[in-house]
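Peer 1: Dropping the sequence and predicted coords here.
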Amino acid sequence: MIKLYGAPLSNYYAMVKVFLLEKGFDFEEVYIAPTYSEPFLELSPMGKIPCIEVDEGYLSETTAIMGFLESCIPELPMTDRDSFRCAQMAQLIKVVELYIAIESARLMGYVFFGRALNQTLADEVKPTMGKGLAALQRLARFSPYLMGDEITMADFFAYYVFKSAVPVANKVWGWNIVDEVDGLGDWLQLMSKRPLIQQVDIERNAAIKAFMDAAE
């Protein structure tokens, strides 16, 4: 059985968990916090969560995990069978990761953990996120899913990126980034209504609340 290592409050953990559920895998959850220390580095070389354990060994990095899981159950495809369309999906995921996920994460200390706002950093992050949103507008179809009429792993990845990026932009700049991309709001609503996403969101919200309560 697959073991999923990580913590429910992580949006990347949520991506992989939903993907496992949607693909129909049996798996065991193992709570572990990210740490750049042994022995966890044997599981995840950068000390990041999530990671998974399978018969072949350990695997980290969310997109690598999702790609592996996709290949395990090809009869329930979450990627396009056309190689160029599959590459376009990878392109969209990379844009969301590099220019929205990673950039917004640079300000999460202020938004979620009570740290002081670094205004210089905020001024640097916002235009990069703006370019990422503009690129998403060019790449996504929203008909109704990001790549067209079938859901793909890009939808699960991007959904949880925006679950974190939206409150960051709201708090730091009073900026509703959902309004920047035509169709993004409707797509977020569509994704939020999927039963397995609702299940994981309830668990993640409870974990976030417990974390915040403990920090007070």
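Peer 2: Happy to help now that I have it.

Peer 1: and the gap between the residue lying closest to I177 once chain neighbours are set aside and M108?
Peer 2: Among residues not flanking I177 along the chain, A169 sits closest, at 4.5 Å (CB to CB, 6 or more residues apart in numbering). For every residue, glycine as well, the C-beta is placed using N, CA and C. Distance from A169 to M108, counting by CB to CB, to the nearest Å: 12 Å.

Peer 1: Then G132?
Peer 2: Taken as CB to CB, the span from G132 to M108 is 16 Å.

Peer 1: same thing with A122?
Peer 2: From A122 to M108 the distance is 12 Å (CB to CB).

Peer 1: Now find how far off-centre the one helix or strand Q199 maps to is within its chain.
Peer 2: Element membership for Q199, per DSSP states H and E: helix 195-215. Here the centre of helix 195-215 is set off from its chain's centre by 15 Å, with CA atoms, centre = their mean, to the nearest Å.

Peer 1: Which elements pack onto that helix?
Peer 2: Using 3 or more CB pairs under 8 Å, 6 or more residues apart in numbering; DSSP states H and E as the contact test, the elements touching helix 195-215 are helix 11-23, helix 184-192.

Peer 1: Quick check: mean pLDDT of the last one?
Peer 2: Predicted confidence along helix 184-192 averages 98 (mean pLDDT).

Peer 1: V168 is in contact with S104, isn't it?
Peer 2: Yes - counting by CB atoms under 8 Å, V168 touches S104, with 4.4 Å between them.

Peer 1: Can you name every helix or strand that the helix or strand that contains A122 contacts?
Peer 2: In this assignment (DSSP H and E), A122 forms part of helix 119-139. Packed against helix 119-139 by the contact rule (3+ CB pairs under 8 Å, 6+ apart) you find helix 83-96, helix 102-105, helix 153-173.

Peer 1: Contacts for the first one, please.
Peer 2: The contact list for helix 83-96, computed with CB atoms under 8 Å, 6 or more residues apart in numbering, reads 63, 79-80, 132, 135-136, 139-140, 146-147, 152-154, 157-158, 161.

Peer 1: Give me the buried entries from these.
Peer 2: The neighbour count (16 or more other CB atoms under 10 Å) marks 63, 79-80, 132, 135-136, 139-140, 146-147, 152-154, 157-158, 161 as buried among the contacts of helix 83-96.

Peer 1: which of those has the weakest pLDDT?
Peer 2: Scoring the buried ones among the contacts of helix 83-96 by pLDDT puts D80 last, at 90.

Peer 1: For A140, give me its contacts.
Peer 2: Residues in contact with A140 (CB under 8 Å, 6+ apart) are L92, L146, M147, V181, G183, L184, W187.

Peer 1: I am finished for the moment; much appreciated.
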